[in-house]
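Colleague: build the 3D model from these lines:
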Amino acid sequence: MDPASSRLTRQLFLGFVRIHILYHAAEEAVCGVELTEELGTHGYRLSPGTLYPTLHALEAAGFLRCESQLCDGRRRKCYRITKAGRWALEEARKRIKELVEEVLEDRHR
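Modeller: This is a model prediction of the structure:
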């Protein structure tokens, strides 16, 4: 794959990852280590250099709120979805549903 295609593919899958992070942050507070493990179960191998900038971008957009929690004697940054994040997740769900129906059902054949 040429570098431009590789970059575009990466951006495409990072969009899926962002939505997946919002989904889990809507369920409960999430931290980077847990998200890395969870995303790995779906075949996404994210380095901290990719995951944390993604979390920070979602926080800067107002979709996540970061809070410090004490867990097993260690301070960890955990993320919860915000009202704006819930709205974005619901919009993404609607759009994903429509696109998935078309793509997976391949209506144009």
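Colleague: pLDDT below threshold where in the chain?
Modeller: 107-109 (pLDDT under 70).
Colleague: gap between the helix ranked longest in the chain and the chain center?
Modeller: As assigned by DSSP state H, the longest helix anywhere in the chain is helix 3-27. Centroid displacement of helix 3-27 relative to its chain, using C-alpha atoms, centre = their mean, to the nearest Å, is 6 Å.
Colleague: what about the strands in this structure?
Modeller: 30-31, 64-71, 74-81 (DSSP state E).
Colleague: pick the most deeply packed of those.
Modeller: Per residue and on average, the most neighbours among these fall to strand 30-31, with a mean of 18 (mean count of other C-beta atoms under 10 Å). (C-beta placed from N, C-alpha, C; glycine too.)
Colleague: centroid residue for the chain?
Modeller: Geometric centre of the chain, nearest residue: Arg18, 2.4 Å, by C-alpha atoms, centre = their mean.
Colleague: thinking that residue is in contact with Thr54, fair?
Modeller: Yes. If you go by C-beta atoms under 8 Å, Arg18 and Thr54 touch, sitting 6.3 Å apart.
Colleague: ok, how many other residues are close to Leu51?
Modeller: 18 (other C-beta atoms under 10 Å).
Colleague: kindly report the same for the one 5 residues further on.
Modeller: With neighbours defined by other C-beta under 10 Å, the count for His56 comes to 13.
Colleague: ok, now Glu37?
Modeller: 9.
Colleague: distance check, the residue nearest to the centre of the chain against Gly73.
Modeller: 31 Å (C-beta to C-beta, to the nearest Å).
Colleague: Trp87 now?
Modeller: In terms of C-beta to C-beta, Trp87 sits 36 Å off from Gly73.
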